[in-house]
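# Would you be able to build a 3D model of this:
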Amino acid sequence: MVPYPVPAGPGAPLVTPPARTRPGALAAVFWLTILTSASRTSIFVLAFPWLALKETGSPALIGLLGALTLLAGAILAPLLGPVIDYAGRRLSCLAADAMVLAGAVLSALAAQAGVLTLGLMLVLAPVIAVARGAGSSSRKALVPDLAEHTGLRHTVITIGRECALAGGFVATPLVSGFLLRDDADGALVFWLAALLTALGLLGMLTLPAGLGRPRPRASAAGAVPPKTTAPEAPPVGRWPHTARLVLRSHPELVRAVLMGSVVAGVLAVFQQVAAPIIAEEAGGAEHLGFITAGYALGTMTGSLAHLPLARRVGRRVTVICSLAVGVAGLLATPLMLSPALVFPLGVVIGAGLGLSNPLWAAVLAERSPYRARARIVSAQALMSAAAGGVCVLLAGVMAELTGLVPVVMGVAGLWALSAVLWLRLAGEETVIPPAPAHPAPLDRPAP
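Here you go, the predicted model:
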């Protein structure tokens, strides 16, 4: 695919930029970096709550650990968006991955020395989570850049991203559960997380240096405006002001941010409170790996089915299918607590949420202004982290006082109510936009 001609300067003839890496190869490298990132994330998500539960035996305390981990990201999210937009998405991702690598090595060394107590986890887990959040926001903000550069649809890049995120939670949790059996100290799983982070760093280094780089405003006459479905951006100022201006005038972005936050809350409760308790009742850490891998496999299946289903029946009907399957799985949780059923339980819940997960990310990619894109992504990260932190804290206390069943009933009701409200309020975001006509040069100026 050859990029469309662009003017070299005022009054100059059109010049065709040199051919770039094939779109499929560039997208594949991007998805591989997300796969390694999700794999190491699955280790942290499993290891910290499991080790805390084995040390304390208290669901309330693992809820506190999960809440602090998520709320730390929410507090710092307002700072991440402007930094990512200013420094560039690729460079921000590299710096974030380097911080995660350092945190994984410190966790492994502490576990080997026998000093990885709950107190130390309350420090390490939030710091690592903040770095992971910065890397995740950077990669998510790269999706529209990659779509413009390769000519692929935003939805295609997003579905590949969702499948890679789910794929990281398929095999790695099984390995992590095996390594955490028999009261293991956790050092091996943290070394594995460090290795995966290093591989992700190498993958990001192979992407074009200009991808996600901050673009100057157009100043030369005749410059080609960007071909995008996103609305015009307001003047870029401070993070809260810019995000508020964009979100206030574009309710479809508000709905996507809120739905992504609800899904984050449901997922946080499932992964950090419900799954460890179910695994302990089922008999050990290996069952934690089974239920997490089942959820990831279901999410991948649902994400792959999203685009063909949305093209055939529309995004609205796809959300209805997602709602039916996801709520049915959550409501069936009390009946599927035996060791033989934890894997299919995870598959059903994951398939339900996975059917609609690509939609919220695709709407953000399609509708967010370029120069405020990372700020909007950070707004979603803030809302998601806050929702996840509050839900995990409440779920931990509720699980300690009343047991697991009221917890899963509560998150099922939250997800159902939110999806129904979206179905009533959704507008133009239910229509899939056309693919870009041409790939965009990396140095194309933005308005």
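# Quick check: H287 touching F178?
No - with contact defined as C-beta atoms under 8 Å, H287 does not reach F178; the gap is 11.1 Å. From N, CA and C alone the C-beta is placed, and that goes for glycine too.
# Tell me which of these two has more neighbours.
Taking neighbours as other C-beta atoms under 10 Å, H287 and F178 compare with H287 leading, 21 against 15.
# and the gap between that one and L46?
In this structure, H287 and L46 are 11 Å apart, going by C-beta to C-beta, to the nearest Å.
# Flag the shaky bits of the stretch 251-400 of the chain, pLDDT-wise.
Confidence mapping of the stretch 251-400 of the chain against pLDDT under 70 gives the ranges 282-284, 336-337, 370-375, 378.
# so where do the helices sit in it?
Along the stretch 251-400 of the chain, the segments classed as helices by DSSP state H, counting those that start in this stretch run 251-269, 275-282, 285-313, 315-331, 342-354, 357-367, 373-402.
# Secondary structure element holding the residue nearest the centre of the chain?
In the chain, the C-alpha nearest the mean C-alpha coordinate belongs to S136, at 6.1 Å (C-alpha atoms, centre = their mean). Here S136 is covered by helix 118-150, with elements defined by DSSP states H and E.
# What helices and strands are in contact with that helix?
In this structure, helix 118-150 makes packing contacts with helix 23-56, helix 59-87, helix 89-113, helix 154-167, helix 357-367, helix 373-402, judged by 3 or more C-beta pairs under 8 Å, 6 or more residues apart in numbering; DSSP states H and E.
# Can you check what angle separates the shortest one from helix 315-331?
Right, the one you point to is helix 357-367. Between helix 357-367 and helix 315-331, the angle comes out at 140 degrees (axes from the mean of the first three to the mean of the last three C-alpha atoms, to 10 degrees).
# For helix 357-367, name the packing helices and strands.
Contact here means 3+ C-beta pairs under 8 Å, 6+ apart; on that basis helix 357-367 packs against helix 118-150, helix 154-167, helix 251-269, helix 285-313, helix 315-331, helix 373-402.
# follow-up on the earlier one: hey, which of the helices and strands packed on helix 118-150 is tucked in deepest?
helix 357-367 (a mean of 26; mean count of other C-beta atoms under 10 Å).
# who touches that one?
The set of residues external to helix 357-367 that reach it, using C-beta atoms under 8 Å, 6 or more residues apart in numbering, is 140, 143-144, 147, 154-155, 157-159, 161-162, 229-231, 250, 252-253, 255-257, 259-260, 263, 299, 302-303, 306-307, 310, 315, 318-319, 376-377, 380, 429, 433.
# on that earlier part again, I'd say the residue nearest to the centre of the chain and A385 touch.
No - the pair S136 and A385 fails to qualify as a contact (C-beta under 8 Å) at a distance of 10.5 Å.
# so A416 touches A328, yeah?
No - the pair A416 / A328 is not scored as a contact, 10.4 Å apart, by C-beta under 8 Å.
# quick one: which of those two has more around it?
Neighbour totals were compared for A416 and A328, and A416 leads with 16 against 13 (other C-beta under 10 Å).
# Can you lay out the helices of the stretch 251-400 of the chain as TSV showing distance to G410?
Compiled in TSV, the helices of the stretch 251-400 of the chain are given as follows (distance: least, C-beta to C-beta, whole Å):
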stretch	distance to G410
helix 251-269	8
helix 275-282	14
helix 285-313	18
helix 315-331	9
helix 342-354	14
helix 357-367	21
helix 373-402	7
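# Quick check: which of these is nearest to L101?
Closest of the helices of the stretch 251-400 of the chain to L101 is helix 373-402, at 20.5 Å (criterion: C-beta to C-beta).
# okay, the angle between the closest one and helix 275-282?
Going by the same axes, to 10 degrees, helix 373-402 makes 40 degrees with helix 275-282.
# So which of the helices of the stretch 251-400 of the chain is nearest P126?
When the helices of the stretch 251-400 of the chain are ranked by distance to P126, counting by C-beta to C-beta, first place goes to helix 373-402 at 10.1 Å.
# what's the closest one packed up against?
Using 3+ C-beta pairs under 8 Å, 6+ apart, helix 373-402 sits against helix 59-87, helix 118-150, helix 239-249, helix 251-269, helix 357-367, helix 405-425.
# buried sites along the fourth one?
Looking back up the chat, that one is helix 251-269. Across helix 251-269, burial judged by 16 or more other C-beta atoms under 10 Å covers 252-269.
# now swap in the second one and tell me
Buried residues in helix 118-150, counted by 16+ other C-beta under 10 Å: 118, 121-122, 124-150.
# how about JSON lines for the helices and strands packed on helix 357-367, with distance to V342 added?
Written out in JSON lines, the entries for these read as follows (distance: least, C-beta to C-beta, whole Å):
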{"stretch": "helix 118-150", "distance to V342": "24"}
{"stretch": "helix 154-167", "distance to V342": "17"}
{"stretch": "helix 251-269", "distance to V342": "16"}
{"stretch": "helix 285-313", "distance to V342": "4"}
{"stretch": "helix 315-331", "distance to V342": "12"}
{"stretch": "helix 373-402", "distance to V342": "17"}
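# and P173, which of the ones you listed is closest to it?
Taking C-beta to C-beta as the criterion, helix 285-313 is the member of the helices and strands packed on helix 357-367 that comes nearest to P173, at 3.9 Å.
# so how far is the closest one from its chain's centroid?
The gap between the average C-alpha position of helix 285-313 and the chain average comes to 14 Å, counting by C-alpha atoms, centre = their mean, to the nearest Å.
# and it with helix 275-282, angle?
Angle of helix 285-313 versus helix 275-282, following the same axes, to 10 degrees, is 130 degrees.
# So which other helices or strands are in contact with helix 285-313?
Using 3+ C-beta pairs under 8 Å, 6+ apart as the contact criterion, the neighbours of helix 285-313 among helices and strands are helix 23-56, helix 154-167, helix 171-179, helix 275-282, helix 315-331, helix 342-354, helix 357-367.
# Among those helices, which comes closest to T402?
Nearest of these to T402, taken as C-beta to C-beta: helix 275-282 at 12.2 Å.
# Tabulate the CA atom coordinates of that closest one in CSV.
The C-alpha trace of helix 275-282 is given here as CSV (Å, rounded to 0.1, in the frame of the first residue of the first chain):
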residue,chain,number,x,y,z
ALA,A,275,-11.2,-15.4,41.6
PRO,A,276,-8.7,-15.9,44.6
ILE,A,277,-11.6,-16.9,46.8
ILE,A,278,-13.0,-19.3,44.3
ALA,A,279,-9.5,-20.8,43.8
GLU,A,280,-9.0,-21.2,47.5
GLU,A,281,-12.4,-22.9,47.8
ALA,A,282,-11.5,-25.1,44.8
